[in-house]
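Peer 1: this is a predicted model, with the sequence first.
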Amino acid sequence: MKVTIDQDKCVASGQCVTAALDVFDQRDEDGIVVLLDANPPAHLADDVRQAAAVCPALAIIIEE
Amino acid sequence: MTTTVNPAENDSAEAPVYPMERASKCPFDPPPVQQAMLDQDSPLAKIRLFDDSTHWLVTRYADQRTLLSDDRLSVDISKPGYPHESVQSKDAAEGGTLSFATIDDPEHARLRRMVTAPFTIKRIEAMRPAVQRITDELIDDLLAGPKPADLVDAFALPLPSLVISELLGVPYDRHEFFQDHSKTFISRTSTDEERMGAVTELATYLGGLIVEKMKDPGDDLLSQIAHERVAAGELSVPEAIQMAVLLLIAGHETTANMIALSTVALLENPDQLQALRETDDPKAVSAAVEELLRYLTIAHNGRRQVALEDIEHDGAIIRAGEGVIMASDSANRDPRVFADPDKLDLSRDARQHMAFGFGVHQCLGQPLARMELQVVFSTLFKRIPTLRLAVASDELPFKYDGIVYGVHKLPVTW
Ligand code: HEM
Ligand code: SF4
């Protein structure tokens, strides 16, 4: 699985961090998404899919 | 359905009035006429508002997700054709300045990003002990007072007000002032004049506080706005005040109603309540909160937008200048997404609900709201295991015509 994020689209909702804490974080200064792991391991795949599904700004793109 | 006709030119008498009426015995369920629209062929249904204007209602989950991500739809309430909630909101749109909730990108994004920092998951988690303390203190006071008590007045309203005071950095000795004026602002028994007066007092007070915090900043939201934005000339003091008022208003009544209405729903579903009362698992509590958000969808008057261009969607056409309302309550009861949607099931995975909206305007305060609700519902029924309604549930005054759904009063005893 390969993950990319679009920081320009992100609205700092934090939903991805709640869904997959090991893969997404937020910048301290404005809450914008930071990608911690662009190639997350298989056991996190469901959480990452969940993060992409709940991202309100469609800022998370997954290639399986 | 003919989708090429401008609804304004159409005979509006046949379109049902929105918001529609809930069924009398089902205070938690969306209006039946609206729910029936989930099964119609077209993604759009024509509805009529208080001022006789007609607009499109979208009920299905998938259609709403697509349209709420479409930047050809605008949240700008000053645009002609916008589907207003009331005469008051229509008048306000003509007179007042706009908050970022009613401004489109890119300006919306610029303003929103100025206040996102305190709402990161990390910062909100750091507030959890303070919210736990506030919750425990309010429950102490409740238990020490007379019964029956009104849970709205004694618990649901003060809690978010105290939490927002903490977040903004309102000093402790002004919390009561802050709470009284917010309450006047949202009370149904206040006159328009009293409401205006309350906002003016709050705004004046917040303005003074912002100026103070420019000189002597603390670790709070107003200090951050004062120090980083106002001092740098990115925001004027009036703009900063307006943002603070937006946060206060957006976060107070919503959270309060969610606390009170969830309590009713849980008391009416004792088996679900028992599971919640007995669990110590934060994951189970968090799942329960998501399900309550989905099931109750208290922002029940729809996300409202107006088309800037013609938009073709699934065989239907929304013309430029036509209003579109996304019924979040129906999306959250769409059986294509949520199995057995009318059942409150605290163990289901409801995380994809739209109770906070969807798209770039999705609720900024959601991490805070979630944390507050998690603290409340892992505390309230453990500390007061015998908590129960002090009146029959069909005597509860539901806020059928409120901008936010809930109960006006919640008499409880224990
Ligand atoms: C359970 C409690 C809450 C509910 C159900 C709720 C619901 C909503 C909804 C439905 C929207 C509109 C989203 C859209 O148009 O797509 C919204 C926006 C907003 N909410 Fe909340 N909210 C809650 C609590 C809070 C809190 C605690 C705060 C802040 C302290 C807050 C601040 C805001 C702001 C600033 C916006 C405008 C966001 C924007 O336009 O970018 N809300 N909320
Ligand atoms: S879920 Fe989307 S909008 Fe929210 S913080 Fe993550 S990337 Fe940003």
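Peer 2: Here it is on my side, so go on. Ligands and ions are numbered 1, 2, ... in the order given.

Peer 1: give me phi/psi at A:V11?
Peer 2: phi -110, psi 20 (degrees, to the nearest 10).

Peer 1: any idea how far it is from B:F356?
Peer 2: With the distance defined as CB to CB, to the nearest Å, A:V11 ends up 11 Å from B:F356. The C-beta positions use only the backbone N, C-alpha and C, and glycine is treated the same way.

Peer 1: more neighbours: which of these two?
Peer 2: Neighbour totals were compared for A:V11 and B:F356, and A:V11 leads with 25 against 21 (other CB atoms under 10 Å in any protein chain shown).

Peer 1: can you name the residues that contact that one?
Peer 2: A:56-57, A:59, B:109, B:112, B:116, B:360-362, B:364 (CB atoms under 8 Å, 6 or more residues apart in numbering or on different chains).

Peer 1: let's see that with 7 Å instead.
Peer 2: Neighbouring residues of A:V11 by CB atoms under 7 Å, 6 or more residues apart in numbering or on different chains: A:56-57, B:112, B:360, B:362.

Peer 1: got a markdown table for these, with neighbour count, pLDDT and distance to ligand 1 too?
Peer 2: As requested, the contacts of A:V11 are exported to a markdown table (neighbours: other CB atoms under 10 Å in any protein chain shown; pLDDT from 0 to 100; distance: CB to the nearest ligand atom, whole Å):
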| residue | neighbour count | pLDDT | distance to ligand 1 |
| --- | --- | --- | --- |
| A:P56 | 23 | 97 | 8 |
| A:A57 | 22 | 97 | 10 |
| B:R112 | 21 | 92 | 5 |
| B:V360 | 22 | 97 | 7 |
| B:Q362 | 19 | 97 | 5 |
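
Peer 1: and those, which of them are in helices?
Peer 2: Using DSSP state H, the subset of the contacts of A:V11 located in helices is B:R112.

Peer 1: return only those of the contacts of A:V11 found close to ligand 2.
Peer 2: Counting by CB under 6 Å from any ligand atom, the subset of these that neighbours ligand 2 consists of A:56-57.

Peer 1: can you count the residues close to residue 40?
Peer 2: In the absence of a named chain, chain A is used. Using other CB under 10 Å, the number of residues around A:P40 comes to 21.

Peer 1: oops, I was thinking of chain B
Peer 2: Neighbours of B:Q40 using other CB under 10 Å come to 12.

Peer 1: so which bits of chain A are right by chain B?
Peer 2: A:11-14, A:17-18, A:26, A:28-31, A:50, A:53-54, A:56-58 (CB under 7 Å from any CB of the partner chain).

Peer 1: what residues do A:V11 and B:F356 have in common as contacts?
Peer 2: If you check A:V11 and B:F356 against CB under 7 Å, 6+ apart, the residues they both contact are B:Q362.

Peer 1: on that earlier part again, dump the contacts of A:V11 to a markdown table, plus distance to B:E94.
Peer 2: Compiled in a markdown table, the contacts of A:V11 are given as follows (distance: CB to CB, whole Å):
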| residue | distance to B:E94 |
| --- | --- |
| A:P56 | 29 |
| A:A57 | 30 |
| B:R112 | 24 |
| B:V360 | 25 |
| B:Q362 | 27 |
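
Peer 1: which of the contacts of A:V11 sits closest to B:E212?
Peer 2: Within the contacts of A:V11, distances to B:E212 taken as CB to CB reach their minimum at B:R112, with 25.0 Å.

Peer 1: please name the residues that touch the closest one.
Peer 2: With contact taken as CB under 7 Å, 6+ apart, B:R112 is in contact with A:11, B:100, B:364.

Peer 1: how about the nearest residue to A:D25, chain neighbours excluded?
Peer 2: If the residues on either side of it in the chain are set aside, A:D25 comes closest to A:V34, at 4.5 Å by CB to CB, 6 or more residues apart in numbering or on different chains.

Peer 1: sec struct for that neighbour, please.
Peer 2: strand (DSSP: H, G, I helix; E, B strand; the rest coil).

Peer 1: so it makes contact with A:R27?
Peer 2: Yes - A contact is recorded between A:V34 and A:R27 when judged using CB atoms under 7 Å, the distance being 5.8 Å.

Peer 1: ok, how many other residues are close to the closest residue to B:F398 other than its chain neighbours?
Peer 2: Spatially, and ignoring its direct neighbours in sequence, B:F398 is nearest to B:P27 (4.9 Å; CB to CB, 6+ apart). Number of residues near B:P27 (other CB under 10 Å) recorded here: 19.

Peer 1: quick one: B:N301 from ligand 1, how far?
Peer 2: 10 Å (CB to the nearest ligand atom, to the nearest Å).

Peer 1: burial count for the spatially closest residue to B:L246 that is not a sequence neighbour?
Peer 2: When the adjacent residues along the chain are set aside, B:L246 lies closest to B:S99, with 4.4 Å between them (CB to CB, 6+ apart). Burial measure for B:S99: 18 neighbouring residues, criterion other CB under 10 Å.

Peer 1: can you tell me how far B:S99 is from B:K147?
Peer 2: Noted for B:S99: a distance of 40 Å to B:K147, by CB to CB.

Peer 1: tell me the average confidence for the longest helix along chain A?
Peer 2: Among the elements of chain A assigned as helix by DSSP H, the one spanning the most residues is helix A:45-54. What helix A:45-54 shows for mean pLDDT is 97.

Peer 1: where does pLDDT dip in chain A?
Peer 2: Screening chain A residue by residue with the criterion pLDDT under 70, one finds no matching range.

Peer 1: going along the chain, name the strands of it.
Peer 2: Along chain A, counting by DSSP state E, strands occupy A:2-5, A:24-26, A:33-35, A:60-63.

Peer 1: report the two of the contacts of A:V11 separated the most.
Peer 2: When these are compared pair by pair using CB to CB, the two farthest from each other are A:P56 and B:R112, 12.1 Å apart.

Peer 1: buried residues in stretch B:32-48?
Peer 2: Judged by neighbour count using 16 or more other CB atoms under 10 Å in any protein chain shown, the buried positions of stretch B:32-48 are B:33-35, B:37-38, B:42-48.

Peer 1: let's have these in JSON lines, adding distance to B:T379, secondary structure and pLDDT.
Peer 2: Supplementary listing: the buried residues of stretch B:32-48 in JSON lines, determined by distance: CB to CB, whole Å; DSSP: H, G, I helix; E, B strand; the rest coil; pLDDT from 0 to 100:
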{"residue": "B:V33", "distance to B:T379": "39", "secondary structure": "helix", "pLDDT": "95"}
{"residue": "B:Q34", "distance to B:T379": "35", "secondary structure": "helix", "pLDDT": "97"}
{"residue": "B:Q35", "distance to B:T379": "34", "secondary structure": "helix", "pLDDT": "97"}
{"residue": "B:M37", "distance to B:T379": "39", "secondary structure": "helix", "pLDDT": "96"}
{"residue": "B:L38", "distance to B:T379": "36", "secondary structure": "helix", "pLDDT": "97"}
{"residue": "B:S42", "distance to B:T379": "46", "secondary structure": "coil", "pLDDT": "94"}
{"residue": "B:P43", "distance to B:T379": "42", "secondary structure": "coil", "pLDDT": "95"}
{"residue": "B:L44", "distance to B:T379": "44", "secondary structure": "coil", "pLDDT": "96"}
{"residue": "B:A45", "distance to B:T379": "42", "secondary structure": "strand", "pLDDT": "96"}
{"residue": "B:K46", "distance to B:T379": "46", "secondary structure": "strand", "pLDDT": "96"}
{"residue": "B:I47", "distance to B:T379": "41", "secondary structure": "strand", "pLDDT": "96"}
{"residue": "B:R48", "distance to B:T379": "44", "secondary structure": "strand", "pLDDT": "96"}
